[in-house]
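Undergrad: based on what follows, work out the 3D shape:
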Amino acid sequence: MLLSRIFAATPRRITGIRAQSILSTSPTAQEFKVVLDNGTVYVDQALAEALGWTPDQPTEGVSLTLSGWEPHYFAIARTGSDSDLLARRTVESGHNPRVKQILDYLKDR
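TA: Residues are numbered from 1 along each chain as shown. Purely as a prediction, here's the structure:
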């Protein structure tokens with residue numbers, strides 16, 4: 001999936017949200033800044049490496065999946081990873097009324 005087809009063409013700076021405790025309880029969660037310009041997301045090397053890019057194969061690329069459940073949950077993960085599967089299942093569970101009720105309750109906390 002090409003990220004350039006997903007994002008709007010308007011240049012903007014995207015900054016991670018500090019409310020990570022809502023999105024992730026992982027003690028290894030990190031915040032990164034990225035730039036979106038003309039449908040392309042530009043990241044620094046640390047984020048690229050965290051997503052699976054390696055300096056010894058710079059042109060190989062990494063397949064990423066963008067999953068989302070409007071208006072609050074969007075995740076980009078390495079395709080096929082545990083994080084990708086979790087994100088996809090989270091979106092799928094969004095169709096469950098009980099799960100939606102619980103997430104709406106947690107969102108207001």
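Undergrad: tally of neighbours for Pro55?
TA: 8 (other CB atoms under 10 Å). C-beta here means a position set from N, CA and C on the backbone, and glycine is covered the same way.
Undergrad: quick one: end-to-end length of stretch 66-76, please.
TA: With CA to CA, to the nearest Å applied, stretch 66-76 spans 4 Å between its terminal residues.
Undergrad: how far off centre is that stretch?
TA: Mean-position distance between stretch 66-76 and its chain equals 7 Å (CA atoms, centre = their mean, to the nearest Å).
Undergrad: cool, and stretch 55-66?
TA: Averaging C-alpha positions (CA atoms, centre = their mean) puts stretch 55-66 16 Å from its chain's average.
Undergrad: buried residues in it, which are they?
TA: Across stretch 55-66, burial judged by 16 or more other CB atoms under 10 Å covers 64-66.
Undergrad: touching that stretch from outside, list them.
TA: With contacts defined as CB atoms under 8 Å, 6 or more residues apart in numbering, stretch 55-66 is touched by 1, 3, 6, 48-49, 51-54, 74-80, 84, 87-88.
Undergrad: buried subset of the residues you listed?
TA: Neighbour-count burial (16+ other CB under 10 Å) is assigned, among the contacts of stretch 55-66, to 48, 51, 53, 75-78, 84, 87.
Undergrad: and which of these is nearest Arg98?
TA: Nearest to Arg98, judged by CB to CB, of the buried ones among the contacts of stretch 55-66 is Ala87 at 19.7 Å.
Undergrad: surely the closest one is in contact with Ser67?
TA: Yes. Shown here, Ala87 and Ser67 form a contact pair, counting by CB atoms under 8 Å, at 4.2 Å.
Undergrad: returning to that earlier point: which ones among the buried ones among the contacts of stretch 55-66 map onto helices?
TA: Residues of those located in helices (DSSP state H): 48, 84, 87.
Undergrad: can you put these in TSV and add distance to Asn38 and pLDDT?
TA: Below are those laid out as TSV (distance: CB to CB, whole Å; pLDDT from 0 to 100):
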residue	distance to Asn38	pLDDT
Ala48	19	93
Asp84	26	93
Ala87	25	90
